[in-house]
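>>> starting from these lines, generate the structure:
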Amino acid sequence: MATNASELRRVVLDVLKPHSPDIVSFARELSMIKGIEGVNISVYEMDKEVENVKVTLLGKFTDLESVKEVISSSGGTIHSIDEVVAGRREVREHETLHDRFSHGV
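All right, here's what the predicted structure looks like:
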């Protein structure tokens with residue numbers, strides 16, 4: 001099967017969600033979306049009511065709307081889309097002189 005250039009390979013989201021569903025159930029539900037082959041969820045901040053999680057989706061999928069629907073139906077909100085990889089190949093980032101000097105190093 002040929003890979004469509006419009007397919008997403010990896011998407012990293014910053015999500016605010018309630019404690020329920022837990023991240024295991026949340027990951028399982030996201031992994032049921034057609035084309036998503038892997039889901040990684042890490043909690044990086046938690047308070048009494050909600051938790052901030054980093055959601056990484058891997059696979060070859062095109063339907064980001066289904067992802068948004070699962071997050072919304074679970075009571076979550078996408079704060080930001082922090083990374084997207086699309087196309088036939090993954091482009092690896094390499095440090096450049098600009099990166100090195102723009103951070104005050």
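>>> okay, CA-based contacts and neighbour counts for the rest of this
Will do.
>>> and the contacts of the worst-scoring helix or strand of the chain on mean pLDDT?
Lowest on mean pLDDT, DSSP states H and E among the helices and strands of the chain sits helix 97-102, with a mean of 76. Helix 97-102 is contacted from outside by no residue at all, using CA atoms under 8 Å, 6 or more residues apart in numbering.
>>> ok, and the spatially most central residue of the chain, which helix or strand is that part of?
Of all residues in the chain, the one closest to the mean position by CA atoms, centre = their mean is V12, 2.8 Å from it. Assessed by DSSP states H and E, V12 sits inside strand 8-18.
>>> in whichever helix or strand comes after that strand, what counts as buried?
Of the helices and strands lying after strand 8-18 in sequence (DSSP H and E), the nearest is helix 23-31. By 16 or more other CA atoms under 10 Å, the buried positions in helix 23-31 come out as I23, F26, A27, E29, L30, S31.
>>> would you check that the fourth one makes contact with I71?
No. Assessed by CA atoms under 8 Å, E29 is found out of contact with I71, at 9.3 Å.
>>> G76: how many residues sit nearby?
21 (other CA atoms under 10 Å).
>>> tell me how far it lies from T62.
21 Å (CA to CA, to the nearest Å).
>>> equivalent analysis for E95, please.
29 Å.
>>> neighbour-wise, which of these two wins?
Neighbours per residue, other CA under 10 Å: of E95 and T62, the larger number sits with T62, 17 against 7.
>>> now that one, nearest residue through space, not along the chain?
E7 (5.0 Å; CA to CA, 6 or more residues apart in numbering).
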